[in-house]
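# Sequence plus predicted model, see below.
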Amino acid sequence: ARSMRQRKRELFKAKSSNQMNDLMIANGTSPPTYSINPPTQYGTSPPPSYEDALLDEFFNECRPVRY
């Protein structure tokens, strides 16, 4: 049973790598990298969001007097 699972895994890996290679050959270029955050200018920080302000407020409420 173990060798059957190993063979099945290897067969699946071979199929998936062949599909990936086919996509790379057909496209000819690698996929672009995606950035979640847009590029920001150096030296300026965006204003805090509403969620950030709420989190700060909750933190200050829960924080002991001597921190």
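Good, I have the coordinates.
# what residue ranges in the chain score low on pLDDT?
The model of the chain has pLDDT under 70 over residues 1, 17-32, 34-42, 67.
# cutoff 80 now
Low-confidence regions of the chain, defined here as pLDDT under 80, cover residues 1-2, 15-48, 64-67.
# could you pull out the helices for this structure?
2-27, 50-62 (DSSP state H).
# Make CSV from those and add distance to residue 43 and mean neighbour count to it.
Yep, even glycine has a C-beta here, placed from its N, CA and C like the rest. Below are the helices of the chain laid out as CSV (distance: least, Cβ to Cβ, whole Å; neighbours: other Cβ atoms under 10 Å):
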stretch, distance to residue 43, mean neighbour count
helix 2-27, 39, 9
helix 50-62, 20, 9
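# Of all those helices, which one is nearest residue 44?
Residue 44 lies closest to helix 50-62 among the helices of the chain, at 16.3 Å (Cβ to Cβ).
# I would like the residues contacting that closest one, please.
Here helix 50-62 makes contact (Cβ atoms under 8 Å, 6 or more residues apart in numbering) with residue 48.
# hmm, back to that, can you put the helices of the chain in JSON lines and add distance to residue 33?
Listed next are these as JSON lines, based on distance: least, Cβ to Cβ, whole Å:
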{"stretch": "helix 2-27", "distance to residue 33": "15"}
{"stretch": "helix 50-62", "distance to residue 33": "27"}
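# Pull up the gap between residue 64 and residue 56, please.
16 Å (Cβ to Cβ, to the nearest Å).
# Kindly report the same for residue 15.
51 Å.
# do the same with residue 11
54 Å.
# What of residue 2?
Residue 2 is 55 Å from residue 56, by Cβ to Cβ.
# Now do the phi/psi pair for residue 47.
Per-residue torsions, residue 47: phi -70, psi 150 (degrees, to the nearest 10).
# Next, count neighbours for it.
By the measure other Cβ atoms under 10 Å, the count of residues near residue 47 is 6.
# show me the contacts for it.
Applying Cβ under 8 Å, 6+ apart, no residues qualify as near residue 47.
# One more pass at 10 Å, please.
Shown in contact with residue 47 (Cβ atoms under 10 Å, 6 or more residues apart in numbering): residue 53.
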